[in-house]
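Chemist: the following comprises the amino acid sequence and a computationally predicted model.
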Amino acid sequence: MFWQPKIEKMPPKSLLEIQTRRLKETIKNVFEKNTFYRRKILEKGLRPTDIKKVDQLEMLPFTTKLDFRENYPFGLLACSMSKVVRLHASSGTTGDPTIVAYTRGDVENWTDCIARCLTMTGVTEKDVFQVILGYGLFTGGLGFHYGAEKIGATVVPSATGNTRRQVKLMRDLKVTAFTSIPSYTLYLAETAKASGIDPEKDLNINSVSCGAEVWSEATRRRIEKEFGCKAYNSYGLSEVCGPGVAFECSMQDGLHLWSDHFLAEIIDPKTGERLEVEEEGELVLTTLTREAMPLLRYRTGDLTKILDGPCNCGRTHQRIGWIKGRCDDMLKVRGVNLFPSQIEAAIMGLEGVGNSYQILISRREHLDEVTVEVEATEGSWGEGESSTEELAERVRTEIRAVTGLNIQVKIVPPSSIPRVEGKVKRVVRGDVETA
């Protein structure tokens, strides 16, 4: 299914022509209307007319999250405030929030991107679509809300919180599709079962869209089993627009990145050098249609790769792989690089493992020590101590197979790890160094 078939299936040569034209326009726009970018481009010894093709993108300067903070609140604006119709922001837990401005055209383009994404997953005007994401300054809720409305779906803007009520709305309103954070999606299934509702048999869900936190294929399979439908991976970030940057189609073979709106590069996060197709590194995005806050070569901090070859769905836009993690998520354990997503991929497909886990980090003789707390299912926990020891050994073995590390594993009772309504915190660092 296609929302804008002519654009989504556009011949690569025509798509490149659009990208080239829009890139030139974007560079000219920020050079003329934004003092920050004018200075950065001049520092590189460049003028806007020096960039004549997409392949010259790496001549341009990077933009970082620090640039947002140092130019708070409106230093990256490339239009007058009279043209701005909406402001969103990050949480700002580590400093000033990241402010993102939208013109009317920005909101319309964003809405079309989300409409494309949801249409790929089979959502139509016949669906009842529940948005279980934060509204307000967070981009997720309103982004999906407007995209689903544009398709013509009936939108249930339930936002976050009150999990039992979420499940009740799903059942009573005959919701057929919803979007949520992956960890919370599993919590919805747990809550439904605790209320005597079988998510697969008693609900009418045909598709689930998940994003906003790193997750794995193993977690996807678990969600699909719980709800009896396909679960699709969603990618976006507030600095660029919000959700709708890239999304899976029905093939579930990588995420289609809308190349008429965004240019993607993969770089070595340490050197900044561009990497080749299928090489894993940091995703860098340049916006091609943003009017209020265009971005040149924004370093997302997200680790992925650009996939080679076309998708069998017929779309010609670039695809990226699942996000492995963030550059700053990497742990160093006995000299080995470890990402939390590797732990999830190792354990979530194992029988007897529940829906949540935590990675506990402590310091021992100036080195990180890792313990993984893993919830058991009701069945495996109820079988006694020998059963939990056997489960712990299976978890250790699987983690070792994936990571090459021997990591301590502790099996804990079902539902004992606290649930949250927002992004889950998988890594917990202890403040005290152990001897």
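Modeler: Nice, I can see it. Numbering: from 1, shown residues only.
Chemist: low-confidence stretches in the stretch 1-150 of the chain?
Modeler: Judged by pLDDT under 70, the stretch 1-150 of the chain has its weakly predicted residues at 91-95.
Chemist: what about the helices in it?
Modeler: With DSSP state H, counting those that start in this stretch as the criterion, the stretch 1-150 of the chain has helices at 5-8, 12-33, 35-43, 65-70, 104-120, 139-151.
Chemist: can you redo those helices as a markdown table, where the extra columns are distance to residue 412 and mean neighbour count?
Modeler: For every residue, glycine as well, the C-beta is placed using N, CA and C. Output for the helices of the stretch 1-150 of the chain, formatted as a markdown table (distance: least, C-beta to C-beta, whole Å; neighbours: other C-beta atoms under 10 Å):
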| stretch | distance to residue 412 | mean neighbour count |
| --- | --- | --- |
| helix 5-8 | 46 | 15 |
| helix 12-33 | 50 | 17 |
| helix 35-43 | 49 | 15 |
| helix 65-70 | 35 | 17 |
| helix 104-120 | 36 | 22 |
| helix 139-151 | 30 | 24 |
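Chemist: of these, which is nearest residue 56?
Modeler: helix 12-33 (9.0 Å; C-beta to C-beta).
Chemist: which strands or helices does the closest one pack on?
Modeler: Packing partners of helix 12-33 (3 or more C-beta pairs under 8 Å, 6 or more residues apart in numbering; DSSP states H and E): helix 35-43, strand 281-287.
Chemist: can you list contacts of it?
Modeler: By C-beta atoms under 8 Å, 6 or more residues apart in numbering, the residues outside helix 12-33 that reach it are 10, 37-38, 41, 47-48, 51-54, 57, 60, 78-79, 259-260, 263, 286-290, 294, 296, 316-317.
Chemist: which residues touch residue 395?
Modeler: With contact set as C-beta under 8 Å, 6+ apart, residue 395 has these partners: 346, 347, 350, 353, 372, 374, 409, 411.
Chemist: again, only this time at 7 Å
Modeler: Counting by C-beta atoms under 7 Å, 6 or more residues apart in numbering, residue 395 makes contact with 347, 350, 353, 374, 409.
Chemist: hang on, it in a strand?
Modeler: No - using DSSP: H, G, I helix; E, B strand; the rest coil, the secondary structure at residue 395 is helix, not a strand.
Chemist: if we can go back for a sec, which of the contacts of residue 395 fall within strands?
Modeler: Judged by DSSP state E, the contacts of residue 395 include 353, 374, 409 as members of strands.
Chemist: surely the last one touches residue 373?
Modeler: When you say that, I think you mean residue 409. No - if you go by C-beta atoms under 7 Å, residue 409 and residue 373 don't touch, sitting 8.1 Å apart.
Chemist: and the two? which has more neighbours close in?
Modeler: residue 409 (21 against 17; other C-beta atoms under 10 Å).
Chemist: tell me what that one is bridged to.
Modeler: residue 372 (DSSP bridges).
Chemist: need the contact list for it.
Modeler: Contacts were defined as C-beta under 7 Å, 6+ apart; by that measure residue 409 touches 372, 374, 392, 395, 396.
Chemist: list the contacts of the last one.
Modeler: Spelled out, that is residue 396. So residue 396 contacts 407, 409 (C-beta under 7 Å, 6+ apart).
Chemist: equivalent analysis for the first one, please.
Modeler: Under the criterion of C-beta under 7 Å, 6+ apart, the contact list for residue 372 reads 343, 357, 359, 399, 407, 409.
Chemist: same list, these, but as JSON lines with distance to residue 122 and secondary structure please.
Modeler: Below are the contacts of residue 372 laid out as JSON lines (distance: C-beta to C-beta, whole Å; DSSP: H, G, I helix; E, B strand; the rest coil):
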{"residue": "343", "distance to residue 122": "32", "secondary structure": "helix"}
{"residue": "357", "distance to residue 122": "31", "secondary structure": "strand"}
{"residue": "359", "distance to residue 122": "35", "secondary structure": "strand"}
{"residue": "399", "distance to residue 122": "35", "secondary structure": "helix"}
{"residue": "407", "distance to residue 122": "39", "secondary structure": "coil"}
{"residue": "409", "distance to residue 122": "39", "secondary structure": "strand"}
